[in-house]
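Enquirer: Fold the following and give me the result.
(chains A and B)
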2 protein chains.
Amino acid sequence: MSAMYTVLAGGVGASRFLQGLAMTVPQHEVTVISNTGDDLEFAGLHVSPDTDIVIYALAGVVNPETGWGLSGDTFAVVEALQRFGYERWFSLGDRDLATAVHRTRLLRAGWPMHRVVADLTRAWGLDVRVLPMSDDPVRTVIEGPEGDLPFQEYMVRRRTEVDVRGIRFAGAAAARPAPGVLEALREARAVILAPSNPFVSIGPILAVPGVRQALAETRAARVAISPVIAGQVVKGPAAKMLAALGQEVSALGVARLYRGLVDLFVLDTADAGLAPAVEALGMRALVTETLMSSDERKRALARAILAALEVPR
Amino acid sequence: MSAMYTVLAGGVGASRFLQGLAMTVPQHEVTVISNTGDDLEFAGLHVSPDTDIVIYALAGVVNPETGWGLSGDTFAVVEALQRFGYERWFSLGDRDLATAVHRTRLLRAGWPMHRVVADLTRAWGLDVRVLPMSDDPVRTVIEGPEGDLPFQEYMVRRRTEVDVRGIRFAGAAAARPAPGVLEALREARAVILAPSNPFVSIGPILAVPGVRQALAETRAARVAISPVIAGQVVKGPAAKMLAALGQEVSALGVARLYRGLVDLFVLDTADAGLAPAVEALGMRALVTETLMSSDERKRALARAILAALEVPR
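Expert: Purely as a prediction, here's the structure:
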């Protein structure tokens, strides 16, 4: 079995976890299933924020301050586009935009997304296999009081300051998992749900027909890492969404969402008191430090999880 | 008649002449018919070198050193694209690339080229009307000893160091003039063939069915300005092409190519001795300084031509 670890991944939190994992096990043993629900078209270019964050982070070129984009990038193109009436709320660095230019060209030439992503990971010198969740378009839509918002409009333009009434994944029902996705779930030694937003990062992946079932049926050890620490998230709107959608804003609230889908739930030492309630949901609880504020902490988290899975490293 | 001057234009030489004309007559009296034969696709983006040179020059933002591109532009995107295997021979600044991104998006959305160009000229605040010669694709092909080369490959990648056996305009036979092109030729007070390469700048425009006939039949005064001064050209491969295609490398050689199409031929004082031979071709000769090395010289050339046409200014 060439790929032993399959990671369902969103953006920043997932990319940090993956950095730690890739420092701990050989890259070629890691398969990432990447959320493409927040893909968007910007100025006619196809941008895949979550996939690019993962690739840039693993290539060691991600902007460490933002968690997305390329370190030291410039913004000449988006500035120049304003002349033609493009709004400036969605920012894309020049070198980041080069990735989008290349991706758009390949998609226009008829390449399916999984081939495009394979080309990008190769170009960035990665041995990790990154798979988009689907070659078909799935778009995360935030249902707000004034109507629907594409995810990036909610996230970036409106800075998540919208009352979330619901979330749906347009196109999901007709989407097929990208080639390799179901196999990566079925044949892995461990499937890891990264510390990403359960609604808008992991949710779209689970919404692709066949994925949830493959996760339910796999013989792999199934692990989820809470993106919520002491009632807060490091980045993004997960806490707000838990509250808005009537869930408890805690690691336990996240664990409830993954009930039946994971065997091991990783929560921070700050949330040790929630471990019994998590175990009452029918999953083991692993309490460890989950804040990935340094490379050493990223590695430590990966090692702790592998140890809990009884994988010797 | 709103547009009194119609200028057939290629790139750098034409853009300098148009700067002088636009300093001399109201911009809204000028219509440009722009060569799109050297358009190309670069990294999936539609680039229109000649049209953009004209727009940037008239907007006062062209790079004065190169004659193309934007003054002070950066090159982060083309540098970053190299990672994905794109060759570096075709250079496009970041802000220049923003124009291409916008153009490509509009074309993909189904806009005909003349609407795209109108949008670009509006965005750059021009009152000059710029028309592409055609909404249909016409591609200048250089026939060399090793086969065909798209124009930009010949011009930029191979630095014109190719033995030109022939030139053809792929797609021209099926192309229609863009809306407004024939009217601009028929209804102008003067039609001016800018000091551009007669083969690859003016040639493609004349190859669009209907254009040559409209030029032959118009009641407008028809003027051409020699791009050749004392046997040399300021920029580009016109001299080489004249020689390769068996023409005299001189203003007279250019005048011969325009026989029957123009009434007035403008040649430099350095070529005053050729005036009688030019007139023997059946056109008046105007001898004046044609090297447009300063704004004053650009204006002086425009004024001299208008005076020769007996247009009081």
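Enquirer: what about whatever residue of the stretch 201-313 of chain A ends up closest to chain B, neighbour count?
Expert: Across the stretch 201-313 of chain A, no residue is closer to chain B than A:Asp295, which sits at 24.3 Å (Cβ to the nearest Cβ). Yep, even glycine has a C-beta here, placed from its N, CA and C like the rest. Residues contacting A:Asp295 under the criterion other Cβ atoms under 10 Å in any protein chain shown number 12.
Enquirer: Could I get the contacting residues of it?
Expert: A:Asp295 makes contact with A:Gln19, A:Gly20, A:Met23, according to Cβ atoms under 8 Å, 6 or more residues apart in numbering or on different chains.
Enquirer: repeat that for 10 Å
Expert: A:Asp295 is in contact with A:Arg16, A:Gln19, A:Gly20, A:Met23, counting by Cβ atoms under 10 Å, 6 or more residues apart in numbering or on different chains.
Enquirer: what do you get for A:Pro237?
Expert: A:Pro237 neighbours (Cβ under 10 Å, 6+ apart): A:Ile142, A:Tyr154, A:Met155, A:Arg159, A:Thr160, A:Glu161, A:Val162, A:Val164, A:Asn197, A:Phe199, A:Val200, A:Ala244.
Enquirer: ok, 7 Å please
Expert: A:Thr160 (Cβ atoms under 7 Å, 6 or more residues apart in numbering or on different chains).
Enquirer: Just the pLDDT at it, thanks.
Expert: We have a pLDDT of 88 for A:Pro237.
Enquirer: which of the contacts of A:Asp295 count as buried?
Expert: A:Arg16, A:Gln19, A:Gly20 (16 or more other Cβ atoms under 10 Å in any protein chain shown).
Enquirer: what about the first one, helix or strand, and which?
Expert: Counting by DSSP states H and E, the element that carries A:Arg16 is helix A:12-22.
Enquirer: who does that helix touch, helix- and strand-wise?
Expert: Contact partners of helix A:12-22 among helices and strands, from 3 or more Cβ pairs under 7 Å, 6 or more residues apart in numbering or on different chains; DSSP states H and E: strand A:5-9, strand A:30-34, helix A:49-59, helix A:295-308.
Enquirer: quick one: it to chain centroid distance?
Expert: The chain centroid and the centroid of helix A:12-22 are separated by 10 Å, computed with Cα atoms, centre = their mean, to the nearest Å.
Enquirer: for stretch A:92-101, same thing?
Expert: 20 Å.
Enquirer: need the contact list for A:Val54.
Expert: A:Ala9, A:Ala14, A:Ser15, A:Leu18, A:Val32, A:Ser34, A:Val130.
Enquirer: Now do the residue of the stretch 201-313 of chain A closest to chain B against A:Gly60, distance only.
Expert: 10 Å (Cβ to Cβ, to the nearest Å).
Enquirer: do A:Glu310 as well
Expert: 30 Å.
Enquirer: neighbour-wise, which of these two wins?
Expert: Per other Cβ under 10 Å, whichever of A:Glu310 and A:Gly60 has more neighbours is A:Gly60, with 12 against 7.
Enquirer: about what we covered before: columns pLDDT and distance to B:Leu301 on top of the contacts of A:Val54, output as a markdown table?
Expert: Output for these, formatted as a markdown table (pLDDT from 0 to 100; distance: Cβ to Cβ, whole Å):
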| residue | pLDDT | distance to B:Leu301 |
| --- | --- | --- |
| A:Ala9 | 98 | 63 |
| A:Ala14 | 97 | 63 |
| A:Ser15 | 97 | 59 |
| A:Leu18 | 98 | 63 |
| A:Val32 | 98 | 62 |
| A:Ser34 | 98 | 59 |
| A:Val130 | 98 | 59 |
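Enquirer: now, among those residues, which is nearest to chain B?
Expert: Among the contacts of A:Val54, A:Val130 lies closest to chain B (Cβ to the nearest Cβ), at 15.5 Å.
Enquirer: tally of neighbours for that closest one?
Expert: Burial measure for A:Val130: 23 neighbouring residues, criterion other Cβ under 10 Å.
Enquirer: Now it: phi and psi?
Expert: phi -110, psi 120 (degrees, to the nearest 10).
Enquirer: Let me see the contact set for it.
Expert: A:Val32, A:Ser34, A:Thr51, A:Val54, A:Ile55, A:Val117, A:Thr121.
Enquirer: List buried members of the residues you listed by neighbour count.
Expert: For the contacts of A:Val130, buried by 16+ other Cβ under 10 Å: A:Val32, A:Ser34, A:Thr51, A:Val54, A:Ile55, A:Val117, A:Thr121.
Enquirer: So which residues make contact with the helix holding A:Arg16?
Expert: Contacts for helix A:12-22 (Cβ under 7 Å, 6+ apart): A:5, A:7, A:9, A:30, A:32, A:53-54, A:57-58, A:62, A:67-68, A:128, A:194-196, A:201, A:225, A:227, A:234-235, A:292, A:298-299, A:301-302.
Enquirer: Test my guess that A:Phe75 contacts A:Gly93.
Expert: Yes - applying Cβ atoms under 7 Å as the test, A:Phe75 and A:Gly93 come out as touching, 5.8 Å apart.
Enquirer: More neighbours: these two, which one.
Expert: A direct count of neighbours by other Cβ under 10 Å for A:Phe75 and A:Gly93 places A:Gly93 higher, at 24 against 17.
Enquirer: quick one, what contacts the more buried one?
Expert: Residues near A:Gly93 by Cβ under 7 Å, 6+ apart: A:Gly69, A:Leu70, A:Asp73, A:Thr74, A:Phe75.
Enquirer: between those, which is nearest chain B?
Expert: Ranked by distance to chain B (Cβ to the nearest Cβ), the contacts of A:Gly93 are led by A:Thr74 at 5.2 Å.
Enquirer: what's the neighbour count on the closest one?
Expert: Neighbour tally, A:Thr74, other Cβ under 10 Å: 17.
Enquirer: Same question for A:Gly72.
Expert: Neighbourhood size, A:Gly72 [other Cβ under 10 Å]: 10.
Enquirer: what pLDDT does it get?
Expert: With respect to pLDDT, A:Gly72 has a value of 96.
Enquirer: how about it, phi and psi?
Expert: Torsion angles, degrees, to the nearest 10, at A:Gly72: phi 70, psi 20.
Enquirer: Setting the sequence-adjacent residues aside, check what's closest to it.
Expert: Leaving aside its chain neighbours, A:Gly72 sits nearest to A:Asn63 (7.7 Å; criterion: Cβ to Cβ, 6 or more residues apart in numbering or on different chains).
Enquirer: For that neighbour, give me its contacts.
Expert: Going by Cβ under 7 Å, 6+ apart, A:Asn63 touches A:Gly69, A:Leu70, A:Ser71, A:Asp73.
Enquirer: Name the nearest of these relative to B:Ala272.
Expert: Distance to B:Ala272 across those (Cβ to Cβ) is lowest for A:Asp73, with 55.9 Å.
Enquirer: if I read this right, the closest one contacts A:Asp94, doesn't it?
Expert: Yes - if you go by Cβ under 7 Å, A:Asp73 and A:Asp94 touch, sitting 6.1 Å apart.
Enquirer: quick one: which of these two has more around it?
Expert: A:Asp94 (25 against 20).
Enquirer: So that one is in contact with A:Ala76, correct?
Expert: Yes - proximity of A:Asp94 to A:Ala76 meets the contact threshold set by Cβ under 7 Å, at 5.5 Å.
Enquirer: Setting aside sequence neighbours, what's the nearest residue to the residue of the stretch 101-250 of chain A found nearest chain B?
Expert: Residue nearest to chain B within the stretch 101-250 of chain A (Cβ to the nearest Cβ): A:Arg105, separated by 3.0 Å. Computed as Cβ to Cβ, 6+ apart, the closest residue to A:Arg105 that is not its neighbour in sequence is B:Gly44, at 3.0 Å.
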